[in-house]
Every structure is written in structure tokens, then in C-alpha cells.
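K.L.:
using only what follows, build the 3D model:
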Amino acid sequence: MTDLVVKSSNSHPSASPSQGASQAPAVNQALLSSKPEALGAEQAVTSEQGATSEIEQVSMWYLYLIRCANGHLYTGITTDVTRRFNEHQSNGPKAAKYLRGKGPLTLMYQEQVGTRSDALKREIAVKKLGRAQKLALIESAEQR
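P.N.:
The predicted structure follows:
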């Protein structure tokens, strides 16, 4: 894709700085437009392909809590709780460094959250909870 060139309709170098922002040079809108007729044919196809490639399948995100052998609680998010828990247990390269050497691990809690953004927000909220509140969250899920 070629670079966009922004041209000023006011090419007078003697423009006074006291003219203010309302008098700023106008930008050639045809160069910045994403309409196919304003872009070259190759650029329009590239733009359309770029738009379709950015559409991703929305996956469901989960929040989970793991208890270590020493009783510590670890909170994380993932799209596949079983896969992620197995990665943590294997102490492999994808395991959280915090959990390495702290096994055996027990999956104590999981919650379906929604989008990745929602999961990150929920993770932060749970991490801010005290230990007693986290244990109460685990207990409430066990009673359901």
C-alpha cells in the first residue's frame, strides 16, 4: 500500500501564526477518504481485505482460581480452563512462573465472563479482593 500524502490547499509560506486554528490549512479529503472511488483500485481492495481480516470470531473468556500446595490462591483468565490448568500443572514454558514448583495445584473456581475485556476487568477486581473474600467466592460457587 502506498503512503498517503497530505497536501495543503493553502501553500502560502507567509501565513501568519496569529490566524489561529480556525484558519488552519484544509486537508485534501479525497486522499484521506476510504471510498473506493477516492483510492486507487489496488488500495480499495487492500482496504476491504484489511477490514474483513480484522473481523475475528469472538471467543468466550473465563476467570479461574487455583490453590497451590502452600494454600496460596492464583487468579487468571483464559479461553480454555482445562488447557490452561494443564499448562500450569506441567510446569512447562507456558505455565505461570508464580505457580512453578508450587504443586500439586487444585482448580478451585471458574467463572464464564464474556469478552477478553470483561475478563481482564473481572480479574483485576478479584485480585483486589482479600483472601477471605476470595474463599467466600469459592464457597458460594461450591454451594450452587
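
K.L.:
excluding covalently adjacent residues, which one is nearest to residue 107?
P.N.:
In this structure, residue 107 finds its nearest non-sequential neighbour in residue 85, 5.2 Å apart by Cβ to Cβ, 6 or more residues apart in numbering. (Glycine included, C-beta is placed from N, CA and C.)

K.L.:
distance check, that neighbour against residue 112.
P.N.:
15 Å (Cβ to Cβ, to the nearest Å).

K.L.:
next, count neighbours for the residue nearest to residue 107.
P.N.:
Neighbour count for residue 85, taken as other Cβ atoms under 10 Å: 18.

K.L.:
same question for residue 76.
P.N.:
With other Cβ under 10 Å as criterion, residue 76 counts 20.

K.L.:
these two touch, right, it and residue 84?
P.N.:
Yes. Between residue 76 and residue 84 there is a contact at 6.9 Å, judged by Cβ atoms under 8 Å.

K.L.:
got the phi and psi for residue 91?
P.N.:
Phi and psi for residue 91, reported as degrees, to the nearest 10, are phi 60, psi 30.

K.L.:
so it sits right up against residue 97, yeah?
P.N.:
No. Checked against Cβ under 8 Å, the pair residue 91 and residue 97 is beyond contact range at 9.9 Å.

K.L.:
looking at the two now, which is surrounded by more residues?
P.N.:
residue 91 (16 against 7).

K.L.:
check contacts around that one.
P.N.:
Applying Cβ atoms under 8 Å, 6 or more residues apart in numbering to residue 91 gives the contacts 99-101, 103.

K.L.:
turn those residues into CSV, including pLDDT and secondary structure.
P.N.:
Formatted as CSV, these follow (pLDDT from 0 to 100; DSSP: H, G, I helix; E, B strand; the rest coil):
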residue, pLDDT, secondary structure
99, 93, helix
100, 90, coil
101, 89, coil
103, 85, coil
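
K.L.:
by mean pLDDT, which helix or strand of this structure comes out lowest?
P.N.:
Across the helices and strands of the chain, mean confidence by mean pLDDT, DSSP states H and E is lowest for helix 29-32: a mean of 42.
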